[in-house]
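Undergrad: Quick one, fold the following:
(2 chains)
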There are 2 protein chains.
Amino acid sequence: MKIYIHTKFEASEVSVIKEQLAGKYEVLIGEEILPENREEQFLSADICFGNVPLAWAKQTSKLQWLQLHSAGLDPYQQLENHTFQLTNLKGFFGTSVAETAVAGILAMYRGVGHLAKLQTESKWIGTPLRSSLHLLSNAKVLVLGAGAIGQKVKDLLVGFNCETTVLDSKTVVNLDEYLPTTDILVATLPETPETIGLLNKTRLQMLKPSALFVNVGRGSAVDEIALIELLQQNKIYGAVLDVTAKEPIPENHVLWQMPNVLLTQHTSGGWAEENLDKIKFFIENLARFEKGKALINIANLARGY
Amino acid sequence: MKIYIHTKFEASEVSVIKEQLAGKYEVLIGEEILPENREEQFLSADICFGNVPLAWAKQTSKLQWLQLHSAGLDPYQQLENHTFQLTNLKGFFGTSVAETAVAGILAMYRGVGHLAKLQTESKWIGTPLRSSLHLLSNAKVLVLGAGAIGQKVKDLLVGFNCETTVLDSKTVVNLDEYLPTTDILVATLPETPETIGLLNKTRLQMLKPSALFVNVGRGSAVDEIALIELLQQNKIYGAVLDVTAKEPIPENHVLWQMPNVLLTQHTSGGWAEENLDKIKFFIENLARFEKGKALINIANLARGY
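TA: Numbers count the residues shown, from 1 in each chain, chains lettered A, B, ... in the order given. Here you go, the predicted structure:
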């Protein structure tokens, strides 16, 4: 059986894959193949690890299983009548993303972004900064999305005695009743027809001027133009955005220079051992595939995650 | 009875003091008195709130009680045979300081300092940053100092499943056995003869190259020259320094431009409602003073906190 590895790994990570699989499988490493020959090699594979172009995935008739290296399914919702199994990394990024969410909240509240900027200027302000800081402890937190990320955000905040409410895909329709009293709104929503534009201007306007908005889900959940307007008018205290409407954010975009915004550049899902842990996940799922057992994380294209 | 308010408060905060005390006491607000007349006014006061110059405190014979606005006692350890009661704000800053400690740890691990710098440059790096990030979850944390700050650091980390050890003034002598396996070393030590230079070069060298050092206690606890050397040689992963040997840090100091250092400029004790909460504490202690009850937070000059 042929396994095609599409994900771009470091040499040391490729070695791990080869060591573990080379005896049993023909392992094709995309990065080691000339770009113009990759599609052909993919089309000859039985198993693929990595987010190949949608067009390739639509074309294959041989593939039995495609393991994505992402939790998101975009653009594979557009697959129709595919005959291979499709699995994703749902849940894999929960801790990492939730940690960036809390890091962002604390950075805003404890002035870390501002302090980092002052540091580049070798500029001491000290004591006068203190009155601009805030405490996370005892804050009222509303988490949208009850998946791995949302649950983990709640868990991480336990020591801060926050009053944390997590709304899942069913209860999220009630969010309006929570918005006016929320100190920190954390969106961890996947992109689905129900979540696109959920945080529209009307809803954002229901937030307190002291409210902090955090988006570690998908940029499409929020009306970004309305958000920027409210931030510029200080009708919302601040925003931590791991995801935005456009990524990369264009160089001349207004978001870059907004003092009450922290941009984490869609890095929240990452950590040093991320790739090795992905490879570990794939190999564990492969063991299930070999035994004919149900794969972990079979994607639900209708739900979108 | 005369109360002299030495602490510099905002007008709105002074109003709160006056509203609550003016009926019962003669309230002297230092900031409303010409600088050259302040000492004289202080010397006529029965009660003082705020950290007056040591020389004034040495000279008063009338003062019955000095409520400091700090947790630290420096330079009042140098008082001798003072006849007034001396109280401080021990414990008052615990949550705030601990939150900055955790904010700093997460900022280092989740790349927030670097991201904030990139933001000032409108520069997107995105995915390549991910492999430089780390997870706080499950880290081995060693906290030096079991006061309000140290205990709170441990509490805040509960949701992160960290293995946190807190060493108090008695057990801190055993720190050497913990250093080689510590991921994050958090110093929350007050300045005492025992803590000055505790983290000497030998001890810092026992830390792993991946170790993160956080100092939210006093700068004197660490050999700063050795720390800088180890950071420059990447023999320690990074440092979050709220306190340093010299404050303000001189403009040409090497610490400013070190990429693996986050300087929080001794702001950790601050939050927007800090002064109002201090005033509340003073007025509560004043109620005890009026009733002849033991004051809260009587300073122990021999212990140094």
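
Undergrad: Dihedrals phi and psi, A:Glu99?
TA: Phi and psi for A:Glu99, reported as degrees, to the nearest 10, are phi -70, psi -40.

Undergrad: Tell me how many other residues crowd the closest residue to chain B within the stretch 151-300 of chain A.
TA: Closest residue of the stretch 151-300 of chain A to chain B, CB to the nearest CB: A:Gly270 (2.3 Å). All C-beta spots, glycine's among them, are computed from the backbone N, C-alpha and C. Applying other CB atoms under 10 Å in any protein chain shown, we find 25 residues neighbouring A:Gly270.

Undergrad: Contacts only, for it.
TA: A:Ser96, B:Thr127, B:Leu129, B:Arg130, B:Ser131, B:Leu133 (CB atoms under 8 Å, 6 or more residues apart in numbering or on different chains).

Undergrad: Mind checking which of those residues are in strands?
TA: Among these, none falls in strands (DSSP state E).

Undergrad: Among those, name the buried ones.
TA: For the contacts of A:Gly270, a burial check counting by 16 or more other CB atoms under 10 Å in any protein chain shown picks out A:Ser96, B:Leu129, B:Arg130, B:Leu133.

Undergrad: just those residues now: which is nearest A:Arg38?
TA: Within these, proximity to A:Arg38 (CB to CB) peaks at B:Arg130, which comes in at 23.4 Å.

Undergrad: any idea how far the closest residue to A:Met1 other than its chain neighbours lies from A:Lys2?
TA: Sequence neighbours aside, A:Asp46 is the residue nearest to A:Met1 in space, at 4.5 Å (criterion: CB to CB, 6 or more residues apart in numbering or on different chains). Distance of A:Asp46 to A:Lys2, computed by CB to CB, to the nearest Å: 5 Å.

Undergrad: now A:Arg110
TA: Counting by CB to CB, the gap from A:Arg110 to A:Lys2 is 51 Å.

Undergrad: For chain A, which segments are assigned as strands?
TA: With DSSP E as the criterion, chain A has strands at A:2-5, A:26-29, A:47-49, A:65-67, A:85-87, A:140-144, A:163-167, A:184-187, A:212-215, A:238-241, A:261-263.

Undergrad: In this model A:Glu247 seems to touch A:His266, though I could be wrong.
TA: Yes. If you go by CB atoms under 8 Å, A:His266 and A:Glu247 touch, sitting 5.7 Å apart.

Undergrad: Show me which of these two is the more surrounded one.
TA: Per other CB under 10 Å, whichever of A:His266 and A:Glu247 has more neighbours is A:His266, with 22 against 14.

Undergrad: got the contact list for that one?
TA: Residues in contact with A:His266 (CB under 8 Å, 6+ apart) are A:Asp242, A:Val243, A:Glu247, B:Gly126, B:Thr127.

Undergrad: got the contact list for the fourth one?
TA: With CB under 8 Å, 6+ apart as the criterion, the residues that contact B:Gly126 are A:Glu247, A:Pro248, A:Gln265, A:His266, A:Thr267.

Undergrad: Next: the second one.
TA: Contacts here follow CB under 8 Å, 6+ apart; on that basis A:Val243 touches A:Asn215, A:Val216, A:Gly217, A:Arg218, A:Gly219, A:His266.

Undergrad: Find me whatever residue is spatially closest to it, sequence neighbours aside.
TA: Spatially, and ignoring its direct neighbours in sequence, A:Val243 is nearest to A:Gly219 (4.2 Å; CB to CB, 6+ apart).

Undergrad: what's the distance between the one you found and A:Gly72?
TA: 11 Å.

Undergrad: Ok, A:Ser210 next?
TA: Distance, A:Ser210 to A:Gly72, using CB to CB: 32 Å.

Undergrad: what do you get for A:Ala226?
TA: 24 Å.

Undergrad: Looking at these two, which is more packed in?
TA: Neighbour count, other CB under 10 Å: between A:Ala226 and A:Gly72, A:Gly72 has more, with 21 against 16.

Undergrad: thought that one was touching A:Thr195?
TA: No. Judged on CB under 8 Å, A:Gly72 makes no contact with A:Thr195 at a distance of 12.0 Å.

Undergrad: what do these two both touch?
TA: Counting by CB under 8 Å, 6+ apart, the common neighbours of A:Gly72 and A:Thr195 are A:Arg218.

Undergrad: Now for A:Val216, how many residues are close by?
TA: A:Val216: 29 surrounding residues under other CB under 10 Å.

Undergrad: hmm, I was thinking of A:Ala103
TA: Around A:Ala103 there are 30 residues (other CB under 10 Å).

Undergrad: contacting residues around it?
TA: With contact taken as CB under 8 Å, 6+ apart, A:Ala103 is in contact with B:Ala103, B:Leu106, B:Ala107, B:Tyr109, B:Arg110, B:Val112.

Undergrad: 10 Å instead?
TA: With contact set as CB atoms under 10 Å, 6 or more residues apart in numbering or on different chains, A:Ala103 has these partners: A:112, A:156, A:240, A:262, A:264, A:268, B:102-112, B:115, B:133, B:136.

Undergrad: Skip the chain neighbours and tell me the closest residue to A:Gln77.
TA: Nearest non-adjacent residue to A:Gln77, counting by CB to CB, 6+ apart: A:Leu301, 5.4 Å away.

Undergrad: pretty sure the one you found contacts A:Thr87?
TA: No. Using CB atoms under 10 Å, A:Leu301 is not in contact with A:Thr87; the gap is 11.8 Å.

Undergrad: higher neighbour count, the two?
TA: Neighbours per residue, other CB under 10 Å: of A:Leu301 and A:Thr87, the larger number sits with A:Thr87, 21 against 14.

Undergrad: Skipping adjacent residues, who's closest to the more buried one in space?
TA: Excluding its sequence neighbours, the residue lying closest to A:Thr87 (CB to CB, 6+ apart) is A:Asn297, at 4.6 Å.

Undergrad: And for A:Gly217?
TA: Once flanking residues are discounted, A:Gly217 sits nearest to A:Leu189: 4.0 Å by CB to CB, 6+ apart.

Undergrad: What of A:Thr182?
TA: Leaving aside its chain neighbours, A:Thr182 sits nearest to A:Leu142 (4.4 Å; criterion: CB to CB, 6+ apart).

Undergrad: Now tell me what touches stretch A:282-290 from outside.
TA: With CB under 10 Å, 6+ apart as the criterion, stretch A:282-290 contacts A:1, A:3, A:5, A:7, A:16-17, A:20-21, A:24-25, A:46-47, A:49-50, A:64-65, A:67, A:69, A:85, A:87, A:89, A:293-297.

Undergrad: out of the residues you listed, which are buried?
TA: Buried among those by 16+ other CB under 10 Å: A:3, A:5, A:7, A:16-17, A:20-21, A:25, A:46-47, A:49-50, A:65, A:67, A:69, A:85, A:87, A:89, A:297.
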